[in-house]
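Q: Predicted model and sequence below, questions to follow.
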Amino acid sequence: MLTVKNLAVSFQTRRGSVEAVKDISFDLAASEILGIVGESGSGKSVTSYALMRILDEGGRINMGEVSYSGIDLRHAAEHDMRNIRGREISMIFQNPRAALNPIRKVGHQIEDVLRQHSRATRQNAREKAIESLEAVRINDASSRYDAYPFELSGGMCQRIVCAIALACDPKLLIADEPTTGLDITTQKAVMDLIRDLIRERSMSSLLITHDLGLAAQYCDRIMVMKDGEIVEQGNPADLFSNPQHPYSRKLVDATPRDGESIRSLLPPEERSALAKNKILDRSLLEVHDLVKTYRSKSGPVQAVKGISFAVREGQSVGLVGESGCGKSTTAEILVRLTDASSGKIIFDGQDIAKIPANDFVKDPRRADIQMVFQDATDSLNPRYTARQSI
């Protein structure tokens, strides 16, 4: 179905040309799920963008052949590529919220794809859009059709992106890190959904991920990339039992087995440092009966319902739960990006919940409470250099 030969991709930057993909070759058979695994910057996503001819500005295919069902994708006219994208080959992008238009209802966004590629009437497009939502197992699809992306959880947005990608029944689905930012329960639900839909519709798929365990669970074959090159490929069982390349062995060793803790994978010196970490008796942060209520068309929604906990000096506390359970809302309240509806936040002996979020920016304690946000791309100003951001 898909054949890639000697593909090379580079980007022109202020410091010169950077090779992102270096002379790679692979095949994808009909109804096969091929996993592309590697760390950030290994060339996984760039490979998929090259296949779709949607490289960022400055990117170019230097050499190679890309053949899909006998069609030369590298040299196809842009008009032909527009017909192929969505109808023949579709893509699930890494960040579902960035892939969706925040000011358009999700149902209308599915309609856009249908009307572009299938020439459906407005009424038919609406009916097919609702069918697409039902296909990705969204309950009450008719009402979700009129929802905006910001009204939905991360897992729900990912299902919407899947519905858009599958609306025109493509033969090849490219899924670029489809579970980024999702909790473990939602990750499994989304991946089970994608796998089932691929099997039901007899599609082929490229699954791009940094998670070797995920690829082993859902893929028929795995290709390992590092620094723009394919260093190893094979079936999951062989790759796990007998990895040939040092980087593949490193990935396998870093993948927890059943019953194995993440901490056990740390080097001995790091485990020793954690064991020596001093936790003091004094509480640095105390949260008492924290409540956050949002207003909606259907009435008030409690995102956080009277939670209480404490964090001592030197202590690391994990806040774990599925998408939509209130974890991020709690964090945003603690760093005073939003106000609590009620409750106390005692930080270093003082109740900072009494300080309005807008005023806390000027408070001297603001520098003592920092947050690493969920999506790095959305957190950084695209017009700033790394130096300017810092």
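A: That came through, no problem.
Q: okay, and for the chain, where does confidence drop off?
A: 256-278 (pLDDT under 70).
Q: now the strands for it?
A: 2-13, 16-28, 33-37, 59-68, 71-72, 89-92, 172-176, 204-209, 221-226, 229-234, 283-294, 301-312, 342-347, 350-351 (DSSP state E).
Q: Nearest to residue 158 among the ones you listed would be which one?
A: The closest of the strands of the chain to residue 158 is strand 89-92. By Cβ to Cβ, the value is 7.8 Å. Placement of C-beta: from N, CA and C, glycine included.
Q: starting at the chain centroid, how far to the closest one?
A: Between the centre of strand 89-92 and the centre of its host chain there is 15 Å, according to Cα atoms, centre = their mean, to the nearest Å.
Q: on contacts alone, who are the packing partners of that strand?
A: Using 3 or more Cβ pairs under 8 Å, 6 or more residues apart in numbering; DSSP states H and E as the contact test, the elements touching strand 89-92 are helix 44-52, helix 154-166, strand 172-176.
Q: List of residues touching the top helix by length along the chain?
A: Of all segments of type helix in the chain, defined using DSSP state H, the longest is helix 184-200. The contact list for helix 184-200 (Cβ atoms under 8 Å, 6 or more residues apart in numbering) reads 31, 33, 92, 135-137, 153-155, 158-159, 162, 166, 173, 175, 178-179, 182, 203-205, 207, 214, 217-218, 322-323.
Q: CSV please, covering the helices and strands packed on strand 89-92 and showing distance to residue 329 and mean neighbour count.
A: What follows is the helices and strands packed on strand 89-92, written out as CSV (distance: least, Cβ to Cβ, whole Å; neighbours: other Cβ atoms under 10 Å):
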stretch, distance to residue 329, mean neighbour count
helix 44-52, 30, 22
helix 154-166, 13, 25
strand 172-176, 28, 23
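Q: quick one, which of the ones you listed is nearest to residue 377?
A: Checking those against residue 377 by Cβ to Cβ gives helix 44-52 as the closest, at 11.8 Å.
Q: contact partners of the closest one?
A: Outside helix 44-52, the residues touching it (Cβ under 8 Å, 6+ apart) are 2, 4, 7, 9, 20-21, 24, 36-38, 55-56, 59, 61, 66, 68, 73, 81, 85, 89, 91, 94, 174, 176-177, 206, 208-210, 225, 228.
Q: ok, back up a step: so which of the helices and strands packed on strand 89-92 is nearest residue 98?
A: Proximity of those to residue 98 was assessed by Cβ to Cβ; the nearest stretch is helix 154-166, lying at 9.8 Å.
Q: What is the burial count for residue 341?
A: Per other Cβ atoms under 10 Å, the neighbour tally for residue 341 reads 14.
Q: The one 5 residues further on too?
A: Neighbourhood size, residue 346 [other Cβ under 10 Å]: 16.
Q: beta partners for it?
A: The partner list for residue 346 in beta bridges (DSSP bridges) reads residue 286, residue 351.
Q: any idea how far it lies from residue 352?
A: Distance of residue 346 to residue 352, computed by Cβ to Cβ, to the nearest Å: 8 Å.
Q: give the contact list for the residue sitting nearest the centre point of the chain.
A: The geometric centre of the chain, computed from its C-alpha atoms, lies nearest to residue 180 (Cα atoms, centre = their mean), at 2.5 Å. If a contact means Cβ under 8 Å, 6+ apart, then residue 180 has 94-95, 375 as its contacts.
Q: cool, and residue 247?
A: Under the criterion of Cβ under 8 Å, 6+ apart, the contact partners of residue 247 comprise 224, 226, 231-232.
Q: Equivalent analysis for residue 234, please.
A: For residue 234, the contacting residues are 221-222, taking Cβ under 8 Å, 6+ apart as the criterion.
Q: Then the one 10 residues further on?
A: Shown here is residue 244, whose contacts under the criterion Cβ under 8 Å, 6+ apart are residue 232.
Q: of the helices and strands packed on strand 89-92, which approaches residue 380 most closely?
A: Ranking the helices and strands packed on strand 89-92 by proximity to residue 380 (Cβ to Cβ) places helix 44-52 first, at 17.2 Å.
Q: Please, a PyMOL command that selects the buried ones among the contacts of helix 184-200?
A: Below is the selection syntax for PyMOL that covers the buried ones among the contacts of helix 184-200, with 16 or more other Cβ atoms under 10 Å defining burial:
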select buried, resi 33+92+135+136+154+155+158+159+162+166+173+175+178+179+182+203+204+205+207+214+218+323
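Q: Tell me how many other residues surround residue 289.
A: A count of nearby residues for residue 289, using other Cβ under 10 Å, gives 12.
Q: oh sorry, the question was meant for residue 145
A: Neighbours of residue 145 under the rule other Cβ under 10 Å: 19.
Q: Report the contact partners of it.
A: With Cβ under 8 Å, 6+ apart as the criterion, the residues that contact residue 145 are 105-107, 126, 129-130, 133.
Q: Kindly reformat those residues as CSV containing distance to residue 335 and neighbour count.
A: Below are the contacts of residue 145 laid out as CSV (distance: Cβ to Cβ, whole Å; neighbours: other Cβ atoms under 10 Å):
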residue, distance to residue 335, neighbour count
105, 31, 17
106, 29, 27
107, 34, 23
126, 41, 18
129, 38, 27
130, 39, 19
133, 35, 26
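Q: Among those residues, find me the one that's closest to residue 334.
A: Ranked by distance to residue 334 (Cβ to Cβ), these are led by residue 106 at 30.5 Å.
Q: Could you measure from that closest one over to residue 148?
A: The separation that residue 106 has from residue 148, given Cβ to Cβ, amounts to 7 Å.
Q: so what's the backbone phi/psi at the closest residue in space to residue 31 that isn't next to it in sequence?
A: With sequence-adjacent residues excluded and distances taken as Cβ to Cβ, 6 or more residues apart in numbering, residue 31 is closest to residue 202, at 5.4 Å. Backbone torsions for residue 202, taken as degrees, to the nearest 10, come to phi 60, psi 40.
Q: these two touch, right, residue 202 and residue 29?
A: No - taking contact to mean Cβ atoms under 8 Å, the distance of 11.8 Å between residue 202 and residue 29 leaves them out of contact.
Q: These two: which has the busier surroundings?
A: Here residue 202 and residue 29 are set side by side on neighbour count (other Cβ under 10 Å), and the busier one is residue 29, at 12 against 9.
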